[in-house]
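K.L.:
Please find the sequence and the predicted model below.
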Amino acid sequence: MRVTNIFEKLIPIFQDVFDDDMMIVNEKTQADDIEEWDSLAHIRLVISIEKAFDLRFSTDEISNLANVGDMAKLILSKTN
C-alpha cells in the first residue's frame with residue numbers, strides 16, 4: 001500500500017466522521033484546522049480508521065500524531 005492509497009481511503013472517513021461530503025484533508029491537516037475536531041470526534045475518527053484499515057493503534061501512537069500525514073505514515077508502517 002502507498003500513501004496515496006491511504007489518503008484515498010482516509011478522505012471518505014473524514015467526510016463521514018465530520019459529516020462534510022466536501023471535506024478534503026492533506027498531509028498537513030491537523031485538528032486545529034477543523035472546527036468540529038474535538039476529543040469525541042477524535043475518538044470516532046481513530047475507531048473508524050482502525051476499522052477501515054483493520055488495525056489497532058496504541059495510545060502512544062495516537063498521542064504522537066501531529067497531523068494527517070503522520071497518521072498516513074503510521075497506517076503505512078502497520079500495513080506493510
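P.N.:
Right, received. Where do you want to start?
K.L.:
Which of the helices or strands spans Ala52?
P.N.:
Under the criterion of DSSP states H and E, Ala52 resides in helix 39-53.
K.L.:
What residues sit buried inside that helix?
P.N.:
41, 45-46, 48-49, 53 (16 or more other CB atoms under 10 Å). Quick note: C-beta positions are derived from backbone N, CA and C, even for glycine.
K.L.:
same deal with stretch 31-39?
P.N.:
31, 34, 37.
K.L.:
Just to check, the last one is in contact with Phe14?
P.N.:
No. Taking contact to mean CB atoms under 8 Å, the distance of 9.3 Å between Trp37 and Phe14 leaves them out of contact.
K.L.:
what's the overlap in contacts for the two?
P.N.:
Leu45 (CB atoms under 8 Å, 6 or more residues apart in numbering).
K.L.:
returning to what we had before: quick one: which of the buried residues of stretch 31-39 is nearest to Asn67?
P.N.:
Ala31 (8.6 Å; CB to CB).
K.L.:
Let's verify the nearest residue to that closest one once chain neighbours are set aside: helix, strand, or coil?
P.N.:
Spatially, and ignoring its direct neighbours in sequence, Ala31 is nearest to Trp37 (4.3 Å; CB to CB, 6 or more residues apart in numbering). Here Trp37 is recorded as coil under DSSP: H, G, I helix; E, B strand; the rest coil.
K.L.:
Show the contacting residues for Trp37.
P.N.:
18, 31, 45.
K.L.:
Take those residues and lay them out in TSV including pLDDT and distance to Leu74.
P.N.:
Shown next, in TSV, are the contacts of Trp37 (pLDDT from 0 to 100; distance: CB to CB, whole Å):
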residue	pLDDT	distance to Leu74
Phe18	97	20
Ala31	94	16
Leu45	96	13
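K.L.:
Which one of those residues is nearest to Thr79?
P.N.:
When the contacts of Trp37 are ranked by distance to Thr79 (CB to CB), Leu45 comes first, at 17.7 Å.
K.L.:
State the distance from the closest one to Gln15.
P.N.:
According to CB to CB, to the nearest Å, Leu45 stands 11 Å off from Gln15.
K.L.:
cool, Leu40 as well?
P.N.:
17 Å.
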